[in-house]
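structure of the sequence below:
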Amino acid sequence: MSLIQNSAQNNTVVFEKVFKTYQMGEVLIPALKNISINIPKQKFTMILGPSGSGKTTLLNLIGCLDQQTSGRIEVCGSDVSRLTDDEISEFRAKNIAFIFQNFNLIPVLSAYENIEYPLILLGMNPSERRERTLSMLSSVGLVDHANHRPNQLSGGQKQRVAIARALVKQPGLVLADEPTANLDSKTGASIIELMHNIQEKFGATFVFSTHDPQLISHAEQTFRICDGEILNETTASKGGSQ
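Next up is the predicted model:
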């Protein structure tokens, strides 16, 4: 029985002997080399590594934004290696959410409308959309800012809207690329606390790319990657690193 079959019930992400190679003209560039990892459900997992280490490639494969050259990948219980492009797009829309360091909010939409937008794309009916959107606004403490557009919000408030937008469709997996990079330390701390609370309430798995020591200190699992290879894995009790 394969690694994926053995561990799927306990993990949101499973990589089994994954390689990723890019072709630059006639030259093959190995971005990832023989990656086998398990990312457990409902945890804070950090992917750490210098620029060019393969960290972004790894995150793109986890987020189903790119496809591996060989090996198997399972995300949220599905063997994504076997899905067509259309199936991948549908799967990603339903199961994976993204939080970005520059927030990526739609400037002409209010906070409420930004959070509601993923539900419109999923074809959810208006009454359920409204209930979910208001619930998420309440969860991130922004009910009083529902009608404010991004340019009327602080950095911390924008990131709260981005988190609410990511969680409103109740995904199994949330990928966060440097989510505290553009925030001061106090605001960053409040965002980390919020993500912990959201994680506990909704049971999502969070995978971060970050250089923020404050965020890294909250890691329950850490993978360090360099030159396309996993150097080490560290696990820790919740709320502290080992």
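
okay, CA-based contacts and neighbour counts for the rest of this
Noted.

flag the shaky bits of the protein, pLDDT-wise.
1-8, 237-242 (pLDDT under 70).

show me where it has its strands.
Using DSSP state E, the strands of the chain run over residues 11-24, 27-40, 44-48, 70-75, 78-79, 96-100, 173-177, 205-209, 221-226, 229-235.

does anything pack onto the second one? Which helices or strands?
Translated: strand 27-40. strand 11-24, helix 55-62, strand 229-235 (3 or more C-alpha pairs under 8 Å, 6 or more residues apart in numbering; DSSP states H and E).

try 7 Å this time
Strand 27-40 sits against strand 11-24, strand 229-235, with contacts defined as 3 or more C-alpha pairs under 7 Å, 6 or more residues apart in numbering; DSSP states H and E.

just the buried positions in the first one, please.
Meaning strand 11-24. Using 16 or more other C-alpha atoms under 10 Å as the test for burial, strand 11-24 gives 11, 12, 13, 14, 15, 16, 17, 18, 19, 20.

report the contact partners of the nearest residue to the first one once chain neighbours are set aside.
Leaving aside its sequence neighbours, residue 11 sits nearest to residue 40 (C-alpha to C-alpha, 6 or more residues apart in numbering; 3.9 Å). With C-alpha atoms under 7 Å, 6 or more residues apart in numbering as the criterion, the residues that contact residue 40 are 10, 11, 12, 13.

outside of the helix ranked longest in the chain, which residues touch it?
For the chain, the longest helix by residue count, based on DSSP state H, is helix 185-202. The contact list for helix 185-202 (C-alpha under 7 Å, 6+ apart) reads 42, 156, 180, 215.
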